[in-house]
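In: No letters, just coordinates:
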């Protein structure tokens, strides 16, 4: 499997880590779309949100716990956005489940 995020998890590709534990890794996005733009990924390879099952869904809850912690540490008390893209037409460029934690600016809805 040739997965960018799996390579980052293994340490083959460097990243600016902000959080890591046994099941989750979080690092700054190299192409930030907001003053705070952190990617939060499960260490287990799950292709997308479409592949979340009862057997692997606990890691998603853990990702949201990490997101809350990271948002607090980043001072995002005015609010933040958590986004995941699922599939090509939704803009998923890396086929490994990941969540974008975005903050530090105002957002509109719907997003452009």
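Out: Received it, and whenever you're ready, just let me know what you need. These numbers come from a predicted model, not from an experiment.
In: Please make it C-alpha for all contacts and neighbour counts, starting now.
Out: Noted.
In: mind listing the strands for the chain?
Out: In the chain, the strands defined using DSSP state E lie at 17-20, 24-28, 36-42, 80-83, 99-103.
In: for residue 94, what are its contacts?
Out: Taking C-alpha atoms under 8 Å, 6 or more residues apart in numbering, we find residue 94 in contact with 3, 4, 5.
In: Adding mean pLDDT and mean neighbour count, write the strands of the chain out as TSV.
Out: Compiled in TSV, the strands of the chain are given as follows (pLDDT from 0 to 100; neighbours: other C-alpha atoms under 10 Å):
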stretch	mean pLDDT	mean neighbour count
strand 17-20	98	15
strand 24-28	98	21
strand 36-42	98	24
strand 80-83	96	16
strand 99-103	98	23
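In: So which of those is nearest residue 62?
Out: Relative to residue 62, the nearest member of the strands of the chain by C-alpha to C-alpha is strand 24-28, separated by 7.8 Å.
In: Of the strands of the chain, which is nearest residue 74?
Out: Ranking these by their distance to residue 74 (criterion: C-alpha to C-alpha) puts strand 36-42 first, at 7.5 Å.
In: tell me the angle the closest one makes with strand 24-28.
Out: Taking axes from the mean of the first three to the mean of the last three C-alpha atoms, to 10 degrees, one finds strand 36-42 and strand 24-28 inclined to each other by 160 degrees.
In: now residue 88: how far from residue 94?
Out: Spatial separation of residue 88 from residue 94 under the definition C-alpha to C-alpha, to the nearest Å is 9 Å.
In: Same question for residue 76.
Out: From residue 76 to residue 94 the distance is 26 Å (C-alpha to C-alpha).
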